[in-house]
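> From the sequence below, what's the structure:
(3 chains)
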Amino acid sequence: MSEGKVFLIFQDTAEARPFINALEQENPKASFDYQPGMVRIEAMGELGMTREVVCEQAGRDVDLQELHLTLISLSGNIEEDDDYFRVVRH
Amino acid sequence: MAKKLNMRKRYELLTRGLGWEPTYQAKEKVFSNESYEGIKITDWSKWEDPFRLTADAYWKYQAEKDKKLYAVMDSFAQNNAHLNLSDGSYVNALKLFIQGVSPLEYQAHRGFARLARQFSGEGAQIACQMQSIDELRHAQTQIHTISHYNKHFNGMHDPFHMHDRVWYLSVPKSYFDDAKSAGPFEFITSVSFAFEYVLTNLLFVPFMSGAAFNGDMATVTFGFSAQSDESRHMTLGLEIIKFLVEQHEDNLPIIQGWIDKHFWRAYRVLGLVSMMQDYMLPESPMSWKEAWDIYFVENSGALFNDLARYGLRMPKHHEVATAEAEHLSHQVWGIFYNYIHAAAFNIGLPTEAKMNWLSEKYPNTFDKYYRPRIEMWREMEAQGKRFFNMGLPQLCQVCQIPMGFTEVSKNDPMQIAYRVSEFNGEKFHTCSDGCKDIFDHEPEKYVHAWLPVHQIFQGNCGGAEIPDILNWYHFKPEDGGDYKGSADEARWKAMKGEASPATSQSNAAA
Amino acid sequence: MTVKCLTGEYPITMMDSVDRFHGNQLVYVGWDYHTSICTANAYPLPPDMPFGALTEAVLPSVLGPHPDFPKIQWDKVEWLLDGQAFTPDMSKSLKDNGVGHKSLIRFKTPGLDGYKGTGN
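Next up is the predicted model:
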């Protein structure tokens, strides 16, 4: 894994909130840049979330693929399964 | 009860084995486009799906996205929310979008439909089918959203007709024509990788953030709705590149050549976005240069570090594009200041506040090179001699942009860059080393360019005088010219209940 | 390198060959270090037109509004034709001056380097 930057950009909406909060909780070194209508979350090397934390944040059962509804952009290589979603640099 | 399969396994079961070996036609005939570009595929099953989205999940999420978008559009229209814009002049950015970008979405829809038909691997077929449907959805939702503005503002009444004819729209059009007239692997390298993966953040993210900043929530919603598909498309771009270079070593130089070419083609098209971002938004959340640094220099730098192990390097001339980042928007806007009488949107000289913002964002270039130009034009306007370029510009044979770019990377930023090639006894002019390389690689292709200026002189564009040509474009006389004194400004002021100081002036300049 | 195509030879149509311009040829003229005029301009001109008509009749219609234009001393102008320094004979035709179809003529006006010397 290299130390290149990865990012995820989400809409800054209530619907995206569980994903954004999970990223905040699970990636203590990530930076959050709020711009009009959106938030860009950046980290070095890797950025990810687990389903457990997203569900906890949403207060309901969430399918991680729901992030397709509010994800605006990303940079990095995707690794995903039912229980996690992350972007990494190789 | 059997254990639930993991996502990867489920996805494989739902997407593989859908194809079959043809028996009464040769496979090469069924998938006739797959080999002529020289790309060698040894095993399509090695295709790794970037997002493991199955058809049922795809329909569910896309339906959800549309439902949300149409709810926003309805409430936007019911509340006359266009009145909440920061300024009426903002709508000019939308005019450029519907004229220049939405028709590309439709072209992308067609291009990916062809790929879905021509690729013989089922994984790639499905990804291309979904993208084809996505692109059609983008074109439709953009037209629907912007149709609300079309009720109140000029220039948005016939974007697809305009796209096929107008001088500045030949820039995005010719880029897509170039990609679509190439083979399927070049098309996907161009659109999915060079455009979507490497550069699309520069189009959508600042555009939509700019819309949010200027009170245009309808556009924000369609933009972000489209962009939520875009992350899937970008990953497809990255996947295809990795897949192709891993399939056969002979593919690498071909792919690198396409990355070089289409990076430059797409970058030139984005010149229009740079102008929109720095000059057309009344309130700009981010400058072109800042966006370029984040989304190209930093992000693509990391991307190409990842790709180095496949033998790929940064696109040729990327350092020229980075050097130009401090000049690009000023030069493109300058071209439109020269020719706004022949456009279907309005611009105007920047306000003092905007000029100070530009000085701050462009400390090395704005005060030295571009503020004096604007001051000169302001003096001329004050004397009643607003400068319009009454000639027609020399166009680049490849990107088709008026040849106004300068020798920035040769440290001579006020000298226009001229490049020329010869083919078949005729001269062909290009604006940059990037465009000249593209021409020289396939001159037979680019001699076919339909250059709007040359077509006018050949008599193919409705007549010899500017009003004849604008009529042939389906422009109305009030569509172009300066925003100050325009029909849109008067209408905006009336809608806002302000007296228009400009009612006695004529609308467009020409 | 030739264009790869699905079947047969890639066809070539010269979209801007001189015969398509109704007896004219295309000539581009650009004024160096005056980038407020954003590009060189394209003109369809008769090959037999005297070069002098360019400076007297053609260029003023486009470049005339620039404040430097009335100050140009045409005998001091430095010319480039298709990248080579040259001295036009104002009384001779474009053709006899070596100006061909799609030739690029550039000129520099020493001492006049745009608005306040900024190249604009």
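> can you pull out the strands in chain C?
For chain C, the strands identified by DSSP state E occupy C:25-31, C:41-45, C:78-81, C:84-86, C:103-108, in order along the chain.
> Centroid-nearest residue for chain A?
Centre of chain A computed as the mean C-alpha position; nearest residue by CA atoms, centre = their mean is residue A:23, 5.0 Å away.
> can you list the residues that contact the helix or strand residue B:255 falls within?
Using DSSP states H and E, the element containing residue B:255 is helix B:251-269. Helix B:251-269 is touched from outside by B:37-40, B:171-172, B:175, B:178-179, B:185-186, B:189-190, B:193-195, B:198-199, B:241, B:244-245, B:310-313, B:315-318, B:321, B:398-399, B:401, B:431-432, B:434-435, B:437-438, B:441, with contacts defined as CB atoms under 8 Å, 6 or more residues apart in numbering or on different chains. Where you see a C-beta, it was placed from the backbone N, CA and C, and this is true even at glycine.
> which non-adjacent residue is nearest the residue of the stretch 401-510 of chain B found nearest chain A?
As assessed by CB to the nearest CB, chain A sits closest to residue B:492 within the stretch 401-510 of chain B, at 21.5 Å. In space, and not counting its chain neighbours, residue B:492 is closest to residue B:88: 2.8 Å by CB to CB, 6 or more residues apart in numbering or on different chains.
> Give me the pLDDT value at the one you found.
What the model reports for residue B:88 is a pLDDT of 95.
> leaving aside the residues next to it on the chain, what's closest to residue B:17?
When the adjacent residues along the chain are set aside, residue B:17 lies closest to residue B:122, with 7.7 Å between them (CB to CB, 6+ apart).
> now do residue C:93
With CB to CB, 6+ apart as the measure, residue C:48 is the residue that lies nearest to residue C:93, at 4.8 Å, once sequence neighbours are left out.
> what does residue B:362 give?
residue B:326 (5.6 Å).
> returning to that earlier point: is the helix or strand just after the helix holding residue B:255 in proximity to chain A?
Using DSSP H and E, the next helix or strand after helix B:251-269 towards the C-terminus is helix B:271-275. No - legend: contact between helix B:271-275 and chain A by CB under 8 Å from any CB of the partner chain is lacking; minimum distance shown is 15.1 Å.
> so where's the stretch 401-510 of chain B shaky on pLDDT?
When residues are selected by pLDDT under 70, those of the stretch 401-510 of chain B lie in B:500-510.
> Most proximal residue of it with respect to chain C?
Ranking the residues of the stretch 401-510 of chain B by distance to chain C (CB to the nearest CB) places residue B:414 first, at 2.8 Å.
> What is the subsequent helix or strand relative to the longest helix that chain A contains?
Among all segments of chain A classified by DSSP state H, the helix with the greatest residue count is helix A:17-26. Where DSSP H and E defines the elements, the next helix or strand beyond helix A:17-26 is strand A:31-35.
> if you go through the chain in chain order, where are the helices?
With no chain named, the answer covers chain A. The residue ranges that make up the helices of chain A, judged by DSSP H, are A:17-26, A:51-58.
> I was after chain C.
When secondary structure is read from DSSP H, chain C shows helices at C:51-53, C:59-63.
> I'd like the ones you listed laid out as CSV, including mean neighbour count, mean pLDDT and distance to chain B.
Written out in CSV, the entries for the helices of chain C read as follows (neighbours: other CB atoms under 10 Å in any protein chain shown; pLDDT from 0 to 100; distance: least, CB to the nearest CB, whole Å):
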stretch, mean neighbour count, mean pLDDT, distance to chain B
helix C:51-53, 16, 97, 15
helix C:59-63, 17, 97, 4
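> near chain C, which residues of chain A show up?
Within chain A, no position lies close to chain C (CB under 8 Å from any CB).
> Low-confidence ranges, chain A, go.
Screening chain A residue by residue with the criterion pLDDT under 70, one finds the ranges A:1-2.
> change it to 80
Applying pLDDT under 80 to chain A picks out residues A:1-3.
> show me what contacts residue B:163?
For residue B:163, the set of contacting residues under the criterion of CB under 8 Å, 6+ apart consists of B:99, B:100, B:103, B:169, B:172, B:173.
> That one belongs to a strand?
No - secondary structure of residue B:163, determined by DSSP: H, G, I helix; E, B strand; the rest coil: helix, with no strand assignment.
> Among the contacts of residue B:163, name the ones in helices.
Those of the contacts of residue B:163 mapping onto helices are B:99, B:100, B:103, B:172, B:173, per DSSP H.
> Considering those, which is situated nearest to chain C?
Distance from chain C was checked for each of the ones in helices among the contacts of residue B:163 by CB to the nearest CB. The minimum falls on residue B:173, at 15.3 Å.
> Quick check: which helices or strands does the one helix or strand residue B:209 maps to pack against?
With the criterion set as DSSP H and E, the secondary-structure element containing residue B:209 is helix B:200-213. Counting by 3 or more CB pairs under 8 Å, 6 or more residues apart in numbering or on different chains; DSSP states H and E, the packing neighbours recorded for helix B:200-213 are strand A:38-44, strand A:71-75, helix B:91-100, helix B:217-247, helix B:271-275, helix B:288-291.
> weakest of those by average pLDDT?
Among these, helix B:217-247 has the lowest mean pLDDT, at a mean of 87.
> now the angle from that one to helix B:251-269?
With axes from the mean of the first three to the mean of the last three CA atoms, to 10 degrees applied, the angle from helix B:217-247 to helix B:251-269 works out at 160 degrees.
> Is any residue of helix B:217-247 near chain C?
No - judged by CB under 8 Å from any CB, helix B:217-247 and chain C are separated, with a smallest distance of 15.8 Å.
> Buried residues of that helix, list them for me.
Judged by neighbour count (16 or more other CB atoms under 10 Å in any protein chain shown), helix B:217-247 contains these buried residues: B:217-245, B:247.
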